[in-house]
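with the input below, show me the fold.
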Amino acid sequence: MTETLQKKKAKGTFSGHESFQCRQLWLKKGYDFIKAGKSFNDDDAVVQLGVGKNMVSSVRFWLKAFGLIDQEDRTTVFAEKLLDDSGWDPYLEDEASLWLLHYQLVKTGLATTYSLVFNELRREKIEFSRENYISFVKRKAESSGEFQVNEKTLYDDFNVLIKMYLRSDTQIKDREDSFSGILTELDLIKTFSRGKDDYFVLENTDKPEIPDEVILFAILDNTNFDLSVSLNSLEQEPDSVGSIFALSKAGLLNKIENLSSKPSNKMIFNDHAGIKELQFKEKQSALKVLDKYYHAN
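Next up is the predicted model:
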């Protein structure tokens, strides 16, 4: 993670998306727009991107939030690998790509709500309302002194998060609906009503649908982990695979066992005297893991 993004993550950012959730085609459109030498400040950006005026700023925001462009609007290596016309999956047809984007969104931390919800809030409350979320962030802001918050901004930002992961009843009937958030297919957040309030659930489950290689990529990409890492760290630390993907311990163990069984991954899983630890004989490049996955699929 760049120094600039680390500072941004510490401050807290709860706006910039103009109240628009990221749509299915926005990231590819934005990537191609930048690669064509265009600027989001160009007079014809609305026409070139095919979106409304406020949406231009939103496209730019989401490209940054997903770690696809830097603060100077330059494309990242990850963006080029994924979204280039000859890249892994430019039109995001493989669900693995959506899991990777979800990982990027939480890890990059530019859109603070996503990091707070997946890394912290859901460990305090597995079921939470908008009001629970707002109270949580206000309490965190007061105790840390790292950022200031506005209640209406928090409310709007939380609503965007919900639209990113949950379809409305109308959108459920029309699975190709272009207004759906880009991550609705992941089915990460559930909802139910209790009295007059809507509640949201982000529960740890086994998630067999996440490709093992996505999990390995996320472990290797985490600069806090060295050649050995405990199961507890993988499960519970901020920005770990257990936190970001809401993985249960059983689901995490299953994926680690699958990965350890392949000699090419150069890793073993030890369970000695009750201490469960993943050990790498040699660390691969995280991006090369994805290269292998996409070329095999």
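
this protein: strands as residue ranges?
Secondary structure of the chain by DSSP state E: the strands cover 127-128, 190-194, 197-201, 228-230, 267-272, 275-280.

leaving out sequence neighbours, find the closest residue to residue 256.
The shortest distance from residue 256 to any non-neighbouring residue, by C-beta to C-beta, 6 or more residues apart in numbering, is to residue 269 (5.3 Å). Glycine gets a C-beta too; all of them are placed from N, C-alpha and C.

is it correct that the one you found is in contact with residue 280?
No. With contact defined as C-beta atoms under 8 Å, residue 269 does not count as touching residue 280 (10.7 Å).

do you know how far the residue nearest to residue 256 is from residue 156?
44 Å (C-beta to C-beta, to the nearest Å).

which strand residues bridge the residue nearest to residue 256?
In this entry, residue 269 is beta-bridged to residue 278, by DSSP bridges.

what's the burial count for it?
By other C-beta atoms under 10 Å, the residues close to residue 269 number 15.

what of residue 53?
Applying other C-beta under 10 Å, we find 9 residues neighbouring residue 53.

tell me the contacts of it?
By C-beta atoms under 8 Å, 6 or more residues apart in numbering, the contact set of residue 53 is residue 46.

for this structure, name the helix or strand with the lowest mean pLDDT.
Lowest by mean pLDDT, DSSP states H and E among the helices and strands of the chain is helix 3-11, with a mean of 44.

coming back round to it: ok, now how distant is the residue nearest to residue 256 from residue 69?
Residue 269 is 37 Å from residue 69, by C-beta to C-beta.

so what's residue 89 closest to, chain neighbours aside?
Nearest non-adjacent residue to residue 89, counting by C-beta to C-beta, 6+ apart: residue 97, 4.4 Å away.

tell me who's in contact with residue 278.
The contact partners of residue 278, taken as C-beta under 8 Å, 6+ apart, are 219, 228, 229, 230, 231, 234, 256, 260, 267, 268, 269, 270.

list buried residues within those residues.
Buried members of these, scored by 16 or more other C-beta atoms under 10 Å, are 219, 229, 231, 234, 256, 260, 267.

how many residues are close by the residue nearest to residue 89?
Other residues close to residue 97 by other C-beta under 10 Å number 22.

might one say that it is in contact with residue 79?
No. Applying C-beta under 8 Å, one finds residue 97 not in contact with residue 79, separated by 11.8 Å.

could you check the pLDDT of the residue nearest to the spatial centre of the chain?
Nearest residue to the geometric centre of the chain (C-alpha atoms, centre = their mean): residue 102, 2.4 Å. Listed pLDDT for residue 102 reads 98.

who's in contact with the residue nearest to residue 256?
Residue 269 is in contact with 256, 257, 260, 276, 277, 278, 279, counting by C-beta under 8 Å, 6+ apart.

quick one on the thing from earlier: let's have the buried ones among the contacts of residue 278 in JSON lines, adding pLDDT.
Shown next, in JSON lines, are the buried ones among the contacts of residue 278 (pLDDT from 0 to 100):
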{"residue": "219", "pLDDT": "97"}
{"residue": "229", "pLDDT": "95"}
{"residue": "231", "pLDDT": "95"}
{"residue": "234", "pLDDT": "96"}
{"residue": "256", "pLDDT": "96"}
{"residue": "260", "pLDDT": "95"}
{"residue": "267", "pLDDT": "95"}
